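Asker: test case, fold it:
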Amino acid sequence: PDSTAMADTQPGETVVFNRRVAPGVITKLVSFSIAMILVPIGFYFLAQNVAAELLGFRPINANIGAAIVAVLTANALVALFVYIAFQEDKKEEEEIKRAKAN
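Answerer: All right, here's what the predicted structure looks like:
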């Protein structure tokens, strides 16, 4: 096993598969994982309640609509996670370029 990743680890960093990982990365991953479970389920029941109680949809139609809302919510969360990951990657590349320029 390569011990260079462990030797260069800064306080607060974690090593995963011999790569240094900042604590913010792990926090975001766990946060989005929890959100991927809770948010679509919450939106499902909210949409089901709104469709059935407020809009007067039949139960089967309310369930189908709520499922569509839950799927769209899950896809939006995945897209947001990817967007944030790309933005962080761009910041890291800019910092590396600045460090090389100095």
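Asker: pull out the buried positions in the particular helix or strand that has residue 38 in it.
Answerer: Here residue 38 sits within helix 23-49, counting by DSSP states H and E. Under the neighbour-count criterion of 16 or more other Cβ atoms under 10 Å, helix 23-49 has 32, 35, 39-40, 43-44, 47-48 buried. In short, each C-beta sits where N, CA and C put it, glycine included.
Asker: from these, which is closest to residue 89?
Answerer: Nearest to residue 89 among the buried residues of helix 23-49: residue 32, at 15.8 Å, using Cβ to Cβ.
Asker: low pLDDT regions in the protein?
Answerer: 1-18 (pLDDT under 70).
Asker: show me the helices in it, by range?
Answerer: 4-7, 23-49, 59-101 (DSSP state H).
Asker: could you measure residue 43 against residue 91, distance?
Answerer: 30 Å (Cβ to Cβ, to the nearest Å).
Asker: centroid residue for this protein?
Answerer: residue 32 (3.3 Å; Cα atoms, centre = their mean).
Asker: surely that residue and residue 76 touch.
Answerer: No - applying Cβ atoms under 8 Å, one finds residue 32 not in contact with residue 76, separated by 11.6 Å.
Asker: before we move on, back to that, next, format the buried residues of helix 23-49 as a markdown table and append distance to residue 64.
Answerer: As requested, these are exported to a markdown table (distance: Cβ to Cβ, whole Å):
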| residue | distance to residue 64 |
| --- | --- |
| 32 | 27 |
| 35 | 24 |
| 39 | 19 |
| 40 | 15 |
| 43 | 14 |
| 44 | 11 |
| 47 | 10 |
| 48 | 10 |
